[in-house]
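Undergrad: Let me see the structure of the following:
(one chain, ligands or ions: 1)
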Amino acid sequence: MGQFDGQVVIVTGGAMGIGAAHSRGFAAAGAKVAVADLDEVAANAVAREIGGLALKVDVSDEEGTKAMAKAAFDRYGRIDVLINNAALFSTILPKKPWTEIPVQEWDRVMAVNVRGMMLAARAVFPYMKAQGKGRIVNTSSNTALSGVPFLLHYVTSKGAIIALTRALARELGDSGITVNVITPGLVSTEGVKKGYGQEMIDARIAARSIKREQVPEDLVGAAMFLASDASAFITGQVINVDGGQIMH
Ligand SMILES: NC(=O)c1ccc[n+]([C@@H]2O[C@H](COP(=O)([O-])OP(=O)(O)OC[C@H]3O[C@@H](n4cnc5c(N)ncnc54)[C@H](O)[C@@H]3O)[C@@H](O)[C@H]2O)c1
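TA: Below is the predicted model of the structure:
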């Protein structure tokens with residue numbers, strides 16, 4: 001018996017990095033997982049591995065997110081959990097001073113990281129509302145708490161996700177839907193290892209209470225707690241998962 005037997009979980013950005021860890025983790029706990037990602041090939045590979053459903057989606061596109069939710073519902077008959085994880089992160093490297101961020105790049109980051117999370121939530125909302133229950137787990141970043149330099153668009157977008165979570169939780173409380181947000185520290189995904197390198201990873205390790213690398217699997221337990229009945233009376237909250245770097 002898995003903890004999420006019979007439940008349907010959509011993981012946006014579920015094909016790589018932290019999202020892939022969520023896809024695998026929820027599947028291992030018995031959930032039917034829709035791996036929703038811009039990268040169709042990678043989504044197919046993860047979905048095949050876990051026996052899930054691969055969905056190609058650009059979360060910044062309203063019709064795309066509606067089609068994502070409909071496809072998951074059509075296949076599995078319900079939607080219990082949205083792991084709102086997709087974002088432009090490792091793909092917007094390298095870091096640059098705020099004066100050098102092109103306006104188009106700023107707008108694209110906001111479109112994917114902020115509008116995308118709102119649209120994915122809005123797409124699953126009718127299904128969760130009809131069920132009288134749902135769990136939305138958003139992904140921010142501890143950079144929104146600490147103010148990391150040279151990624152102004154990214155850090156701003158992640159701050160917006162905290163505000164979005166709080167305001168949306170107020171609107172959805174009466175629908176039986178909780179909305180919470182996780183703020184990971186620097187996670188050693190392939191993108192981070194390639195883009196930032198070991199020096200930055202080592203600096204973060206030194207800043208933590210628990211002095212080791214953060215791996216994608218470190219996020220799965222918090223997401224499962226926020227997706228489970230154990231967190232039924234918790235909404236609008238920020239759970240910081242960074243090995244005790246920032247004490248929020
Ligand atoms: N890795 C870290 O150190 C770190 C730290 C804090 C927060 N986060 C957050 O965690 C989440 C996952 O980060 P990651 O490091 O695993 O990222 P990643 O870049 O490794 O993976 C992101 C995934 O999202 C997909 N994606 C990108 N744009 C998309 C779009 N428009 N529509 C659908 N899918 C799209 C990509 O194809 C990819 O599979 C992000 O929200 C990120 O901001 C990451």
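Undergrad: and stretch 122-138, does that touch the ligand?
TA: No - judged by C-beta under 6 Å from any ligand atom, stretch 122-138 makes no contact with the ligand; its nearest approach is 8.5 Å. Using the backbone N, CA and C atoms, a C-beta is placed for each residue, glycine as well.
Undergrad: Would you mind listing the outside residues contacting whichever strand or helix holds residue 123?
TA: If you go by DSSP states H and E, residue 123 is part of helix 116-131. Contact with helix 116-131 is made by 10, 12, 36, 58-62, 65-66, 68-69, 73, 78-80, 82, 84, 86-87, 134, 136, 138-139, 161, 164, 168, 172, 175-177, 179, as judged by C-beta atoms under 8 Å, 6 or more residues apart in numbering.
Undergrad: Which of the residues you listed fall in strands?
TA: Secondary structure from DSSP state E places 10, 12, 36, 82, 84, 134, 136, 138-139, 177, 179 of the contacts of helix 116-131 in strands.
Undergrad: export the helix holding residue 123 as CSV, just CAs?
TA: Only the C-alpha atoms of helix 116-131 are listed here, as CSV (Å, rounded to 0.1, in the frame of the first residue of the first chain):
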residue,chain,number,x,y,z
GLY,A,116,2.9,29.7,-15.5
MET,A,117,2.2,28.7,-11.8
MET,A,118,-1.0,30.7,-11.8
LEU,A,119,-2.2,29.2,-15.0
ALA,A,120,-1.4,25.6,-13.9
ALA,A,121,-3.3,26.2,-10.7
ARG,A,122,-6.2,27.8,-12.5
ALA,A,123,-6.3,24.8,-14.9
VAL,A,124,-6.6,22.2,-12.2
PHE,A,125,-8.9,24.3,-10.0
PRO,A,126,-12.3,23.2,-11.6
TYR,A,127,-11.4,19.5,-11.1
MET,A,128,-10.3,20.0,-7.5
LYS,A,129,-13.3,22.2,-6.7
ALA,A,130,-15.7,19.6,-8.0
GLN,A,131,-13.9,17.0,-5.8
